[in-house]
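**Student:** sharing a model prediction with you, sequence too.
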Amino acid sequence: MNQAIPAVEQHYHIQDLIDKQTKRSEDREYHRERVKRIEERDQVLRDSKSHVLTDFWCDKCKEDFKSTAYRQVEVDWTNSAQRIAFYKTKCWNGHWCIRQITDKHKDAFYTKSKLVRLDQGNHYADTVQPYETGFNLLYGKKDYANIK
Ligand SMILES: [Zn+2]
C-alpha cells in the first residue's frame, strides 16, 4: 500500500474550518471598514457649518451663483446607518440646487461649474482633491472610495 497522504489542509473538515475562519476575519475587516467610513462621514458632518454662504451651480440655468444655505441631513436610504448631508438653495429662477457635504464626489458643482472650469490649470491643480474637477484629468480616474 503506497497511498499518498493528503496535506492536512486538504482534509475536508479542516478546509471547512479554514474557510470559516477566513470568512469570519473578512467579516470583521468589512465591519471595521464600514464603522470607520460611517465615523468619517459623521466627522465631516460635525465639522460642517449649519449655515453657509457659498458657490452654487444651477444645472438648469447653466449659471454659477452665490447663495446662503442651511445644512440638511437625511438618512441614506441605500444604507440606513449612514446619513447624507448637503446644502440646498434656490437659484434666482427658483430651481433647487445642492452642494454635497458628505458625498463630495457626487457634487455636480465640481464637474459643471464654470468658475471651477475657469480655475482649472491655475491653483486648482495644486490643491485638487479626489472629488474635485481636474483630478481625473491630472491623475486618471480613481476609485473614490479607496482614497483617504
Ligand atoms: Zn436655475
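**Tutor:** Thanks, I have the structure now. Computed from a prediction, not measured in an experiment: that's the story for all the values here. Numbers count the residues shown, from 1 in each chain.
**Student:** which other helices and strands contact whichever strand or helix holds residue 18?
**Tutor:** Applying DSSP states H and E as the criterion places residue 18 in helix 12-47. The contact analysis (3 or more Cβ pairs under 8 Å, 6 or more residues apart in numbering; DSSP states H and E) places helix 12-47 against strand 83-90. Where you see a C-beta, it was placed from the backbone N, CA and C, and this is true even at glycine.
**Student:** strand 83-90 and whichever helix or strand comes after the strand it packs on, what's the angle between them?
**Tutor:** Following strand 83-90 in sequence order, the next helix or strand is strand 96-100 (DSSP H and E). Strand 96-100 runs at 140 degrees relative to strand 83-90, counting by axes from the mean of the first three to the mean of the last three Cα atoms, to 10 degrees.
**Student:** quick one: residues in contact with strand 96-100.
**Tutor:** With Cβ atoms under 8 Å, 6 or more residues apart in numbering as the test, strand 96-100 has contacts from 54-59, 67, 69, 85-91, 106-109.
**Student:** say whether the ion is contacted by the helix or strand just after it.
**Tutor:** The C-terminal neighbour of strand 96-100 among helices and strands, as given by DSSP H and E, is helix 108-112. No: applying Cβ under 5 Å from the ion, one finds helix 108-112 out of contact with the ion, separated by at least 12.3 Å.
**Student:** let me see the mean pLDDT of helix 108-112.
**Tutor:** What helix 108-112 shows for mean pLDDT is 85.
**Student:** now do it: which elements does it pack against?
**Tutor:** On the basis of 3+ Cβ pairs under 8 Å, 6+ apart, helix 108-112 makes packing contacts with strand 51-58.
**Student:** buried ones among the contacts of strand 96-100?
**Tutor:** Among these, those classed as buried by 16 or more other Cβ atoms under 10 Å are 56, 57, 58, 67, 69, 85, 86, 87, 89, 91, 107, 109.
**Student:** may I see the buried residues of stretch 46-65?
**Tutor:** 52, 56, 57, 58, 63, 64, 65.
**Student:** look up the closest residue to residue 74, ignoring the ones flanking it.
**Tutor:** Residue nearest to residue 74 in three dimensions, not counting chain neighbours: residue 84, with 5.1 Å by Cβ to Cβ, 6 or more residues apart in numbering.
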